[in-house]
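Peer 1: only geometry, no sequence info:
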């Protein structure tokens, strides 16, 4: 059968443009490690991973050689029968292992026409065993990676313990074709475009920084223009670091219950906490924008077909200090619900709108930070794995073009994990610890004292 | 219209289509989250060439209420 070539969908194109802009696809490596404290049958795991390459179409995506504009086409190879390497770190020094994992994760994929996903089986020094994955972000986002890992676990349990064979995964190509068809339909994108025009008609947003007003002031001085409302982004020194904080199951459950009882989502609660913090750090600024990621996975086809579907959109709200905390969340929720309806809009086209309307230059931003809430956990759902200690963590690709990017995930034990990726040139670990500390204080104060206003909370924390 | 909507809902949820009735609730029975519900509305707007009102749709709890609402909009168009 002849191979079919497709252009990149909008969400993939954004990742591609990032790699193009920074001259390396290292910036879009997505890396993770999932291990269990048990003796794994590695021959069997290898068979399951090889089977996953058959089942999960997006693992077999390849890219063509870039054209004169640097653009590529994608295609799916019919099979990938690679060997899967087992790397034994037993008895190794933990720091040496970390260095090795970093070395793998920082290495960009070789293109074109080459595999863009790499899976290794690993034995860790602490006795945990499992797999390491590196995949190009154009092939998969975090949701897609989680679906894949869970599917490999199910395959393993099927062959090892005789549990039911997992359902087939839906076709990536079908989801891609639907996306491209919608993307190319002027009629279907017209409403999205109109919505974002209306948002921009609210006027130019105003940057707020997690460390205070100095960043905006510095940008204004640098450009000799006191009316500037965006800030420069650090694009030369893109070294990053991580800060990970765990919220125990009990307080995490309190937050989830609050969301359930008040009919609000965890994303919107987090956005409210973050925007209150930004307001506090910026002299009570009421007009706050945060960049929020939308998974765009609502249908079963979208949820399980893999690929890179996540798009980011600004969540801009103006919330006055006399607004009660919960009402603030409702204001965010109203806006976010509209964003969800229009989240198929090409984010590159949206960036163009901002540039045209407000003269926003490249490499600048109105958003002091980014948020992803990942509700889908890597979880040992199979009863045969129940009670086995399990670790799942995302690894750095060593580079980042965003000042501060917070991903909130569910831990296997129902607690929450706050995973901050920050640019070292812009922020210190202390700055990030401060964000987390105040975020927790703000959120729990808002949740436990529903009568408090935003202004009260800013003063009290 | 009810059958159309049921068929579309089948793309979102695991509940068998023939178990979905006019009384089925989007959140409590089908487990749709806000993103899924808004995405469904976006689809209906495109499919039936209607524009839904944010405030009005917030009150829609069941499949039957949604059918009634869409029919009202399509009749007005």
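Peer 2: Sure thing, it's come through. Keep in mind the model is a prediction, meaning the values are calculated, not measured.
Peer 1: where do the helices sit along chain B?
Peer 2: Assigned by DSSP state H, chain B shows helices spanning B:2-9, B:34-48, B:54-57, B:63-76.
Peer 1: Can you tell me which of the ones you listed has the worst average pLDDT?
Peer 2: When those are ranked by mean pLDDT, helix B:54-57 comes last with a mean of 78.
Peer 1: Quick one: distance of that helix to the chain centre.
Peer 2: Relative to the chain's own centre, helix B:54-57 is displaced by 13 Å; criterion: CA atoms, centre = their mean, to the nearest Å.
Peer 1: Report the buried residues of that helix.
Peer 2: residue B:57 (16 or more other CB atoms under 10 Å in any protein chain shown). For every residue, glycine as well, the C-beta is placed using N, CA and C.
Peer 1: Output the set of residues of the stretch 201-350 of chain A in proximity to chain B.
Peer 2: The stretch 201-350 of chain A comes close to chain B at residues A:265, A:294-296, A:298-301, A:333-334, A:336-338, A:340-344, as judged by CB under 8 Å from any CB of the partner chain.
Peer 1: ok, now with 6 Å
Peer 2: Proximity of the stretch 201-350 of chain A to chain B is confined to A:265, A:298-299, A:337, A:340-341 under the rule CB under 6 Å from any CB of the partner chain.
Peer 1: Out of those, the closest to residue A:146 would be?
Peer 2: Top of the list for closeness to residue A:146, among those and by CB to CB, is residue A:298 at 16.2 Å.
Peer 1: Check which helix or strand residue A:90 maps to.
Peer 2: Assessed by DSSP states H and E, residue A:90 sits outside every helix and strand.
Peer 1: Give me the distance between it and chain B.
Peer 2: Using CB to the nearest CB, to the nearest Å, residue A:90 is found at 41 Å from chain B.
Peer 1: Hmm, that residue is touching residue A:123, no?
Peer 2: Yes - taking contacts as CB atoms under 6 Å, residue A:90 lies within contact range of residue A:123: 5.1 Å.
Peer 1: what does chain B put close to chain A?
Peer 2: B:11-12, B:34-36, B:38-39, B:42, B:46.
Peer 1: Can you name the two of those residues that sit furthest apart?
Peer 2: Taking CB to CB, the two most distant members of the residues of chain B next to chain A are B:34 and B:46; they sit 18.9 Å apart.
Peer 1: Show me the shaky parts of the stretch 351-461 of chain A.
Peer 2: When residues are selected by pLDDT under 70, those of the stretch 351-461 of chain A lie in A:377, A:379.
Peer 1: As a check, name the ranges of all helices in it.
Peer 2: A:429-448, A:454-460 (DSSP state H, counting those that start in this stretch).
Peer 1: in the first one, what's buried?
Peer 2: Which is helix A:429-448. For helix A:429-448, using 16+ other CB under 10 Å, the buried residues are A:431-432, A:434-436, A:438-447.
Peer 1: Show me what that helix is packed against.
Peer 2: Helix A:429-448 sits against strand A:240-247, helix A:266-281, strand A:416-423, with contacts defined as 3 or more CB pairs under 6 Å, 6 or more residues apart in numbering or on different chains; DSSP states H and E.
Peer 1: Nearest to residue A:451, out of those?
Peer 2: Across the helices and strands packed on helix A:429-448, residue A:451 has its closest neighbour in helix A:266-281 (15.6 Å, CB to CB).
Peer 1: what's the distance between the helix or strand following the closest one and the middle of its chain?
Peer 2: Downstream of helix A:266-281, the next assigned helix or strand under DSSP H and E is strand A:287-294. Using CA atoms, centre = their mean, the mean C-alpha position of strand A:287-294 is found 13 Å from that of the whole chain.
Peer 1: repeat for stretch A:51-62
Peer 2: Distance, stretch centre to chain centre, for stretch A:51-62: 21 Å (CA atoms, centre = their mean).
Peer 1: Residues in contact with it: which ones?
Peer 2: Contact with stretch A:51-62 is made by A:74-77, A:80, A:113, A:117, A:139-140, A:148, A:152, A:155, A:169, A:172, A:306-307, as judged by CB atoms under 6 Å, 6 or more residues apart in numbering or on different chains.
Peer 1: Which pair in those residues has the greatest spatial separation?
Peer 2: Within these, A:113 and A:155 form the most distant pair, 27.9 Å apart (CB to CB).
Peer 1: now residue A:208, what's its secondary structure?
Peer 2: With DSSP: H, G, I helix; E, B strand; the rest coil as the basis, residue A:208 sits in coil.
Peer 1: how much space between it and chain B?
Peer 2: Separation of residue A:208 from chain B (CB to the nearest CB) stands at 25 Å.
Peer 1: ok, the closest residue to residue A:299 other than its chain neighbours - how many residues close by?
Peer 2: Nearest non-adjacent residue to residue A:299, counting by CB to CB, 6 or more residues apart in numbering or on different chains: residue B:11, 4.5 Å away. A count of neighbours around residue B:11, defined by other CB atoms under 10 Å in any protein chain shown, yields 14.
Peer 1: same question, residue A:93
Peer 2: Count around residue A:93 with other CB under 10 Å applied: 10.
Peer 1: can you pull the pLDDT of the nearest residue to it once chain neighbours are set aside?
Peer 2: By the measure of CB to CB, 6+ apart, the closest residue to residue A:93 outside its immediate chain neighbours is residue A:125, 7.4 Å from it. Note for residue A:125: predicted pLDDT of 96.
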